[in-house]
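S.K.: for reference, the sequence and a predicted model appear below.
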Number of protein chains: 2
Amino acid sequence: MRVRSVPYRGFESITQPVPMGHEYCGIVEEVGSAVKNIKPGQFVVGSFFASDNTCPNCQFGYQSSCMHRESVGGAQAPLLRVPLADGTLLATLDIPSADLIPSLLTTSDVLGTGWFAADAANVKPGSTVAVIGDGAVGLLGVLSARQMGAERIIAMSRHEPRQKLAREFGATDIVTERGDEGVARIMDLTHGIGADSVLECVGTQESMLQAIHSTRKGGYVSYVGVPHGVELDGGELFFAHVHLHGSPAPVRRYLPELIDLVLKGQINPGKVFDLQLPLEQVAEGYRAMDERRAIKALLRPEGDSTDGKLDTEGS
Amino acid sequence: MRVRSVPYRGFESITQPVPMGHEYCGIVEEVGSAVKNIKPGQFVVGSFFASDNTCPNCQFGYQSSCMHRESVGGAQAPLLRVPLADGTLLATLDIPSADLIPSLLTTSDVLGTGWFAADAANVKPGSTVAVIGDGAVGLLGVLSARQMGAERIIAMSRHEPRQKLAREFGATDIVTERGDEGVARIMDLTHGIGADSVLECVGTQESMLQAIHSTRKGGYVSYVGVPHGVELDGGELFFAHVHLHGSPAPVRRYLPELIDLVLKGQINPGKVFDLQLPLEQVAEGYRAMDERRAIKALLRPEGDSTDGKLDTEGS
């Protein structure tokens, strides 16, 4: 099948030319002969990993480890091919209104990933939560923790626009310190106990250790950024006494719930898009994010910005 | 307070003479002036970490990280001093009969640790479980998984007496292969999916990787042996997609439940003691375990073997 689309985020390491973008939503243009449930004309959202949604791993809710998993790439284009369409895509009943498109787009990755981070860190009503990382995923981890009933949400951020959005999404405290100083601040704020749940949304050795050391004994650390050069000492982990869970987020598991929350107007995660650009200005989108002029950029294909009906996006 | 006692297991590394033994039960001889609830004459069981059982970490069920934690050592002696007696010890209503003493002794460490391994690996009714390590902790991990309703329990063991006890405790399958071959066998037995829960009861790099690779996507790995030279690669862990939880077992959390199961005759974990010796033959107990002539030895202080009333043990 083919979905008219626009993507948004670069791959982790690039050694040769690759089609860019893996966060998308849009109107179905065409489906392959094996596709049964997805129809042309439907508005759909999918994840960055295609999944059949029927294999044992999918049934357990780990669609990002589907036994027939394929990467979805190249969404920064007018059209995108999505494999395993019936399993990968979720179609809405109607074509959503234009103002909901940015929020729906986030369910495809950054919201799904932030939501998984909160879920994997066992956030419950009344929890004390710390979020490490103030990118779109971290900010939406804050929103997710709030939705799950966290009582206290400590956002680690040193950028004013992101702090502001974190507060809007539900952060109760902002910590600007990092590393050991950041840990000390979390310990101060939690009376020396540590947070129940810590969402590690960066992926470095420093942020991982900061997460582990900020967690109370028996608490939960989730990590959703692809780890770069992270080595964990077994003995240290043993005496830290934490639960650890992380992986490429199984976004597909959460799509029904998250799309429903967006369509009902209960959450507005699309606020992470503080820059909108036409598709051909994609390079400026990356530049703005790299220079911290934008939290996240949304790309619209040509002829798509006025009615929003055929929107399919990225950055 | 002082408890007449005998211990059982050596410390991990010994650089100077140390009092040996940290698994114990016995009759209270004397209590300090600050002790309120524990009384002389009571039969008590405690854990290898003394805990106040009131601090936030204890309230969360992580008594082995009590904010006032102290190591209990030197139980291989006629008398043992146990700090924080009110928090650390659990007293039975009556003096238990002699035949229950070995099983009650296991609740102090090896059963408590095996039980934590199964709990930390999220064993539920119907689970498929693999247990790596056929020492007393691994064998009691099998028993614990069975109690928690596991449907299938795969014990990794290449020693006939241990295989036999594993089956008696509830193992449905025995795997003799180790490392990658062991992983391949688990994958065969689980139709290529992996186990829901894997209990890592050894503590080496090989056994930890074996555990991670034997677990299904989204499954649970627990580890309860102090890790020796274990280094985990963040990226590998990320794509393995498992939950990871381990630590010195918070045995105190489980004592009420485990002692109750023993007193009601629902479990017989004392079978791991296949050698009983008088205290003065402690060296022979270690030798027998080291040479695999015994799974686990139980030591009895002088004048203690006939009526069992003043039993306090170890090996």
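M.R.: Cool, the structure landed.
S.K.: so which residues of the stretch 151-300 of chain A form helices?
M.R.: Applying DSSP state H, counting those that start in this stretch to the stretch 151-300 of chain A gives helices spanning A:160-169, A:179-189, A:205-214, A:234-240, A:251-263, A:282-290.
S.K.: what's the closest of those to chain B?
M.R.: With CB to the nearest CB as the criterion, chain B lies closest to helix A:234-240 of the helices of the stretch 151-300 of chain A, at 2.7 Å. All C-beta atoms are positioned from the backbone trio N, CA, C, and that covers glycine.
S.K.: which strands or helices does the closest one pack on?
M.R.: With contacts defined as 3 or more CB pairs under 8 Å, 6 or more residues apart in numbering or on different chains; DSSP states H and E, helix A:234-240 has these neighbours: helix A:205-214, strand B:231-233, strand B:243-246.
S.K.: next one: the second one to chain centre, how far?
M.R.: To tie it back to what came earlier, the one meant is strand B:231-233. 25 Å (CA atoms, centre = their mean, to the nearest Å).
S.K.: quick check: buried residues in that strand?
M.R.: Neighbour counts over strand B:231-233 (16 or more other CB atoms under 10 Å in any protein chain shown) mark residue B:232 as buried.
S.K.: wondering if that strand reaches chain A at all.
M.R.: Yes - for strand B:231-233, a contact with chain A is found by CB under 8 Å from any CB of the partner chain, at B:231, B:232, B:233.
S.K.: what comes into contact with that strand?
M.R.: Residues external to strand B:231-233 that are found in contact with it (CB atoms under 8 Å, 6 or more residues apart in numbering or on different chains): A:230, A:231, A:232, A:233, A:234, A:237, B:205, B:208.
S.K.: low-confidence ranges in the stretch 151-300 of chain A?
M.R.: Under the criterion of pLDDT under 70, none of the stretch 151-300 of chain A is flagged as low confidence.
S.K.: nearest spatial neighbour of the residue nearest the centre of chain A, skipping sequence neighbours?
M.R.: Nearest to the mean C-alpha position of chain A, counting by CA atoms, centre = their mean, stands residue A:110 at 1.9 Å. Nearest residue to residue A:110, sequence neighbours excluded (CB to CB, 6 or more residues apart in numbering or on different chains): residue A:136, at 4.2 Å.
S.K.: which of the residues of strand B:231-233 next to chain A sits closest to chain A?
M.R.: residue B:232 (4.3 Å).
S.K.: for that closest one, list each beta-bridge partner.
M.R.: With DSSP bridges as the criterion, residue B:232 is bridged to residue A:232.
S.K.: how many other residues sit next to residue A:75?
M.R.: Neighbours of residue A:75 under the rule other CB atoms under 10 Å in any protein chain shown: 31.
S.K.: that one contacts residue A:18, doesn't it?
M.R.: No - using CB atoms under 8 Å, residue A:75 and residue A:18 do not qualify as a contacting pair, with a distance of 11.9 Å.
S.K.: give the bridge partners for residue A:49, please.
M.R.: With DSSP bridges as the criterion, residue A:49 is bridged to residue A:71.
S.K.: ignore the last one, residue A:27
M.R.: Applying DSSP bridges, one finds that residue A:27 bridges with residue A:43.
S.K.: look up how far chain B lies from it.
M.R.: Residue A:27 sits 32 Å away from chain B, taking CB to the nearest CB, to the nearest Å as the criterion.
S.K.: please apply the same query to residue A:31.
M.R.: From residue A:31 to chain B the distance is 28 Å (CB to the nearest CB).
S.K.: count the residues that sit near that residue.
M.R.: Neighbours around residue A:31, by other CB under 10 Å: 20.
S.K.: now swap in residue A:204 and tell me
M.R.: 17.
S.K.: just give the closest residue to it, not the sequence neighbours.
M.R.: For residue A:204, the spatially nearest residue (CB to CB, 6+ apart) is residue A:228, at 6.1 Å.
S.K.: how about that neighbour, what does it touch?
M.R.: Counted by CB under 8 Å, 6+ apart, residue A:228 has contacts A:12, A:203, A:204, B:234, B:235.
S.K.: filter the residues you listed to the buried ones?
M.R.: A:203, A:204, B:234.
S.K.: so how far is residue A:226 from the first one?
M.R.: Read that as residue A:203. 5 Å (CB to CB, to the nearest Å).
S.K.: same thing with the last one?
M.R.: Counting by CB to CB, the gap from residue B:234 to residue A:226 is 9 Å.
S.K.: could you do the second one as well?
M.R.: Plainly put, residue A:204 is 10 Å away from residue A:226 if you go by CB to CB.
S.K.: ok, residue A:126 next?
M.R.: For residue A:126 relative to residue A:226 (CB to CB), the value is 31 Å.
S.K.: who's more crowded, the two?
M.R.: More crowded of residue A:126 and residue A:226, by other CB under 10 Å: residue A:226, with 16 against 10.
S.K.: buried residues in stretch A:87-101?
M.R.: Neighbour-count burial for stretch A:87-101 [16+ other CB under 10 Å]: A:87, A:88, A:89, A:90, A:91, A:92, A:96, A:100, A:101.
S.K.: can that stretch be said to contact chain B?
M.R.: No - contact of stretch A:87-101 with chain B (CB under 8 Å from any CB) is absent, the minimum separation being 15.4 Å.
S.K.: distance check, the residue nearest to the centre of chain A against residue A:271.
M.R.: Distance from residue A:110 to residue A:271, by CB to CB: 11 Å.
S.K.: now swap in residue A:151 and tell me
M.R.: 23 Å.
S.K.: likewise for residue A:260?
M.R.: Applying CB to CB, the value for residue A:260 to residue A:271 is 19 Å.
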